[in-house]
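In: fold the following and give me the result.
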Amino acid sequence: MLTPRQKRIIKYLTQQEDFTSVRFLAEMFNVSDRTIQYDLEHIEDAIQRPEVRITRNKGKGVIVRADDELLGIVSDVTEEHLKYYSAEERFEQILLMLFESLNPISSGKLSADLNVTRRTIVDDLKSIHQWLKRRKLELNYVRNKGFNIKGDEQKFRESYVEILIQHYRHIETLPHLKYVGKNSLPKIYEAIENGLNKANYSLMQSSIDGLVFHIAISLHRLRNDYEIVMPREEFKKLSEKKEFEIAAILQQEIEQTFNLRLPVSETGYIALHLLGARQSFNEKTVEFEEDDVLKSTIIYFLRNITQQIGVTIDKDKELIQGLLVHLRPAIYRMKYGFRNDNPLLGEINDRYPDIIYAIEANIHLLEDTFEVTFSKDEVAFIAIHVGSSIERKNISRNTDLNIVLICGSGIGTSQLLKTRIESYYPELNIIEVLSLSKLEPSYFERHDLDLIISTIQMEEQPVKMINVSPFLDSNDRSKLNSAINSHRETVVQKTMELGPVLNQLMHAEHIRWNVSADTWKKAISKTVEPLIEDSIVQPEYADEIIRQFNIHGPYMVIGSQIALIHASSFNYVNQTGYSFVSLDEPVRFGHEDYDPVRYIICLATTSPKIHLNALRQLSFILMDKVRMERVKNHGKPGLIENINEVSKL
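Out: Numbers count the residues shown, from 1 in each chain. The predicted model follows:
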């Protein structure tokens, strides 16, 4: 029996005059080389007739010469069905199919529609289960029928819109969603625009896009006799808001456009979207009239991150206030299903990988308290605040620029310039005002200069020079701002990369595989053991970690199957070092999302900063799927290969 993919492979190969490489087929069908090899072997076993010649050449690939019977077998494979999905695309497609369908979908149908095996679909559904769980929804199995999504109507819509926007965000023209009918989306857009104009109410385009999808989902469900209801108390509360009146106008436009009657509860759901879309950073909501809960949760959240990354940020008042201002509306938006895409997501992930990792490990503290789910975009916004806090600490220590002012005589114009610089840039350290004649080569040996600012043209000097006017106009300030920012970036980068690299702190003898431990306490002790044996820490260090674990809970479990254990006290640490243990059987640490734990890293440091470069490099392993697969498949040698690789970064 040939699978749909194997039939398509045969059909493609019978149309080729020459050999086709296995690599080309793998890329064409979005699978591995090994999978294509297995498919070819299966095809050879299934078709054993002299009229069919399948020639395989290790260097060239494969060529097929078929008879009429084989061509008949694959004749039902049409070009329009030649669609294969990457793992990410398949994930989106399954979610869209589940959200769209009002009836359960079997794994067999998913397998046939997406041209993969049922085993692959089962693995995909495990990931989808976790995705839905984080959004307070359930992947429900109906016996002998298949899978569907269950949960609160608003959570359902929020998540549906999220995956729709993700799926269509790169499409410039309006998509035609099959479940709302051809040309329905343009009509919804037009109805919303008319309603907003009548109400004299404005929304950002991203908010309108989200609302269009919300209404499209509603139309689909209502046309299929799905009852849409809203809890009475929530509806009553919404009906008292201004946005409810606007929602009623929009609903009326939709009803007239599509000649149907929407339930009154739909006005509430439209109002929810408007509330989220209109919430600004300066507005306070009734949910946050008292900031005590939010503030205390932020501090607790930052305290956990402090313990994880070893930099004290939970006492940074500027950071706490910044997060208060940001999170008030952010949580409000999330509660009402309004997305807030972060245009700098990729850049932030590249710049702060260790910070992103620490935030993701602890974001559940905010999610559980306020019953929301933080997207990767929202996590990145928090990373900006945390990263800025760390950089402020670095900058405040060592970012003053030592400068000297130069003019023809050393008086007059440069004194005027000095006054203006001190007014605009109090952080600059002006060593002195000199005439050009006194700027001798020996001057640079006696002074640690970063910058020369001059009112006259000069020959090239050992340090950077900027020519300005005595009045320091806007063009001059622009040049000076650029020099200051460049200097700060250099200091921050050097600070982040300061300290030993990972392979200097995590030695091969500190890495142990297939270690046995039946409790989390024993697992911690086994992980600290290599450091005790090498006199890096004292035996009491393991007890201190367990004590902190008992006080603060499983915050040290930072990712799926991964724990980063450490104590905040330096009392039992003789020198900085890391150890790594892989358990033969995973152990439960008590973390709701990331249990059970298989990989445990122990961090011991003699100061709050010395380990940061190695920790930064460690995050490149833990956050990289390819590198973690290397660890899973190749064990200790794979981990050592990773360590040596990231130690160069």
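In: so which elements touch the lengthiest strand in the chain?
Out: Identified as the longest strand of the chain according to DSSP state E is strand 577-587. Helices and strands touching strand 577-587, by 3 or more Cβ pairs under 8 Å, 6 or more residues apart in numbering; DSSP states H and E, are helix 502-505, strand 511-515, helix 520-533, strand 597-604, helix 625-646. C-betas here are computed from N, CA, C, even on glycine.
In: remind me what the last one packs against, helices and strands.
Out: I take that to be helix 625-646. Using 3+ Cβ pairs under 8 Å, 6+ apart, helix 625-646 is in contact with helix 502-505, strand 511-515, strand 577-587, helix 612-622.
In: of all the ones you listed, which one comes closest to residue 71?
Out: Closest to residue 71 of those is helix 612-622 (Cβ to Cβ; 50.1 Å).
In: flag every buried residue along the longest strand of the chain.
Out: Of the residues in strand 577-587, 577-583, 587 count as buried by neighbour count, 16 or more other Cβ atoms under 10 Å.
In: and that strand, how far out from the chain middle?
Out: Put simply, strand 577-587 sits 26 Å off its chain's centre (Cα atoms, centre = their mean, to the nearest Å).
In: same question, stretch 202-212
Out: 24 Å.
In: can you check stretch 558-567 too?
Out: Distance of stretch 558-567 from the chain centroid (Cα atoms, centre = their mean) equals 18 Å.
In: going forward, begin numbering at 38 instead of 1
Out: Will do, 38 is the new start, and the previous item becomes stretch 595-604.
In: give me the nearest residue to residue 506, chain neighbours excluded.
Out: Leaving out its chain neighbours, the residue that sits closest to residue 506 by Cβ to Cβ, 6 or more residues apart in numbering is residue 513, at 5.9 Å.
In: where's the one you found relative to residue 463, distance?
Out: According to Cβ to Cβ, to the nearest Å, residue 513 stands 17 Å off from residue 463.
In: next one: residue 423
Out: Distance of residue 423 to residue 463, computed by Cβ to Cβ: 27 Å.
In: more neighbours: which of those two?
Out: Set residue 423 next to residue 463 and count neighbours by other Cβ atoms under 10 Å: residue 423 wins out with 24 against 8.
In: confirm for me that the more buried one is in contact with residue 355.
Out: No. Counting by Cβ atoms under 8 Å, residue 423 does not reach residue 355; the two are 11.7 Å apart.
In: contact partners for the residue nearest to residue 681 when sequence neighbours are not counted?
Out: Nearest residue to residue 681, sequence neighbours excluded (Cβ to Cβ, 6+ apart): residue 540, at 5.6 Å. Residue 540 sits next to 680-681, 684 when contact means Cβ atoms under 8 Å, 6 or more residues apart in numbering.
In: distance of the nearest residue to residue 98 once chain neighbours are set aside relative to residue 73?
Out: Counting by Cβ to Cβ, 6+ apart, residue 58 is the residue found nearest to residue 98 once chain neighbours are left out, at 3.9 Å. Residue 58 is 10 Å from residue 73, where distance means Cβ to Cβ.
In: who has more neighbours, the two?
Out: Between residue 58 and residue 73, counting by other Cβ under 10 Å, residue 73 is the more crowded of the two (24 against 15).
In: looks to me like that one is in a helix.
Out: Yes. Remark: residue 73 belongs to a helix, assigned using DSSP: H, G, I helix; E, B strand; the rest coil.
In: surely it touches residue 61?
Out: No. Residue 73 is beyond contact range of residue 61, at 9.3 Å (criterion: Cβ under 8 Å).
In: over to the residue nearest the centre of the chain: give its phi and psi.
Out: The centroid of the chain falls nearest to residue 413 when counting by Cα atoms, centre = their mean (3.9 Å). When read as degrees, to the nearest 10, the backbone of residue 413 gives phi -60, psi -30.
In: that one against residue 383, yeah?
Out: No. The criterion here is Cβ under 8 Å, and residue 413 misses it with residue 383 at 10.3 Å.
In: residue 173 contacts residue 404, correct?
Out: No. Applying Cβ under 8 Å as the test, residue 173 and residue 404 come out as separate, 9.6 Å apart.
In: tell me, what's touching the two both at once?
Out: By Cβ under 8 Å, 6+ apart, residue 173 and residue 404 have these common neighbours: residue 410.
In: what about residue 578, which helix or strand?
Out: Using DSSP states H and E, residue 578 sits in helix 577-589.
In: so which elements touch that helix?
Out: Helix 577-589 sits against helix 329-346, helix 557-570, with contacts defined as 3+ Cβ pairs under 8 Å, 6+ apart.
In: of those, which shows the lowest average pLDDT?
Out: When the helices and strands packed on helix 577-589 are ranked by mean pLDDT, helix 329-346 comes last with a mean of 83.
In: hang on, the earlier thing: for the residue nearest to residue 681, give me the pLDDT.
Out: For residue 540, the model assigns a pLDDT of 87.
In: how near is it to residue 683?
Out: According to Cβ to Cβ, residue 540 stands 9 Å off from residue 683.
In: same question for residue 275.
Out: Distance from residue 275 to residue 683, by Cβ to Cβ: 51 Å.
In: what comes up buried for the helix holding residue 578?
Out: The neighbour-count check on helix 577-589 (16+ other Cβ under 10 Å) flags 578-583, 585-586 as buried.
In: now do stretch 461-479
Out: Neighbour-count burial for stretch 461-479 flags 462, 465, 467, 470-471, 473, 476 (criterion: 16+ other Cβ under 10 Å).
In: for the residues you listed, name the two members farthest from one another.
Out: The distance between the two most remote of the buried residues of stretch 461-479 (Cβ to Cβ) is 22.3 Å, for 462 and 473.
In: show me where the stretch 438-587 of the chain has its helices.
Out: In the stretch 438-587 of the chain, the helices defined using DSSP state H, counting those that start in this stretch lie at 450-461, 478-483, 511-533, 539-542, 557-570, 577-589.
In: what do you get for the stretch 188-337 of the chain?
Out: Assigned by DSSP H, counting those that start in this stretch, the stretch 188-337 of the chain shows helices spanning 190-205, 221-236, 242-260, 269-276, 279-295, 302-315, 329-346.
In: among the ones you listed, which is nearest residue 523?
Out: Set against residue 523 and scored by Cβ to Cβ, the helices of the stretch 188-337 of the chain come closest in helix 329-346, at 26.1 Å.
In: that closest one: how far from the chain's middle?
Out: With Cα atoms, centre = their mean as the basis, helix 329-346 stands 20 Å off its chain's centre.
In: which outside residues touch that helix?
Out: Under the criterion Cβ under 8 Å, 6+ apart, residues 325, 349-351, 353, 356-357, 360-361, 364-365, 368, 391-392, 395-396, 398-400, 402-403, 406-407, 423, 585, 589, 592-593, 595, 601, 603, 605, 649, 652 lie in contact with helix 329-346.
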